[in-house]
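Trainee: What follows is a predicted structure for the sequence shown.
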Amino acid sequence: MTWSTQSKSGKTPDFQDSKKSSLRQKNARRILAKNEPRLCVRTRVDGGYQRILLAPGIEFHIHPVKIYADAEFPVYQNFTGNQLAVPVMFKLRVSWVF
């Protein structure tokens, strides 16, 4: 089955070419038959998390400079899938007060 619409360049897009379409279908059947990994289908989501952090910090205000620093320690962590997580997060903020 082919489509008769033309793209702006005057050529039919390759996804509408019947030869290429049948080749893609054959490749898909081969992948399914061999149980090869499929890159287009994700069965599990490796993203998202729930966590609670304890973040003690300190702030100095020496006019006109303000300095803030803290360290965030995880108290509870629950990650979905395989993910990297740091044991401690540090933050330093320096600002200028007008």
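Mentor: Arrived safely, thanks for sending. Small disclaimer: the values here were computed from a predicted structure and weren't measured.
Trainee: State the distance from the closest residue to E59 other than its chain neighbours to A55.
Mentor: Spatially, and ignoring its direct neighbours in sequence, E59 is nearest to Y68 (4.6 Å; CB to CB, 6 or more residues apart in numbering). For every residue, glycine as well, the C-beta is placed using N, CA and C. Computed as CB to CB, to the nearest Å, the Y68 to A55 distance reads 11 Å.
Trainee: of these two, who's got more company?
Mentor: Ranked by neighbour count (other CB atoms under 10 Å), Y68 and A55 place Y68 first, with 14 against 10.
Trainee: What strand or helix carries that one?
Mentor: Using DSSP states H and E, Y68 falls within strand 65-79.
Trainee: same check, this time on K26
Mentor: Using DSSP H and E, K26 maps to helix 18-34.
Trainee: Moving C-terminal from the helix or strand bottoming out on mean pLDDT in the chain, which element do we reach first?
Mentor: Least confident element among the helices and strands of the chain, by mean pLDDT, DSSP states H and E: helix 18-34 (a mean of 67). Using DSSP H and E, the helix or strand that follows helix 18-34 towards the C-terminus is strand 49-54.
Trainee: Can you name the next helix or strand after that next one?
Mentor: Following the chain from strand 49-54 toward its C-terminal end, the next helix or strand by DSSP H and E is strand 57-62.
Trainee: got the contact list for that next one?
Mentor: With contact meaning CB atoms under 8 Å, 6 or more residues apart in numbering, strand 57-62 is reached by K66, I67, Y68, A69, D70, A71, K91, V97.
Trainee: can you name the two of the residues you listed that are farthest apart?
Mentor: Put simply, by CB to CB the two of the contacts of strand 57-62 set farthest apart are A71 and V97, 23.9 Å from each other.
Trainee: Looking at the two, which one has more neighbours?
Mentor: Shown here are A71 and V97; by other CB under 10 Å, A71 has more neighbours (14 against 9).
Trainee: Let me see the confidence value for the more buried one.
Mentor: Note for A71: predicted pLDDT of 97.
Trainee: what's the answer for M1, then?
Mentor: At M1, the model reports a pLDDT of 45.
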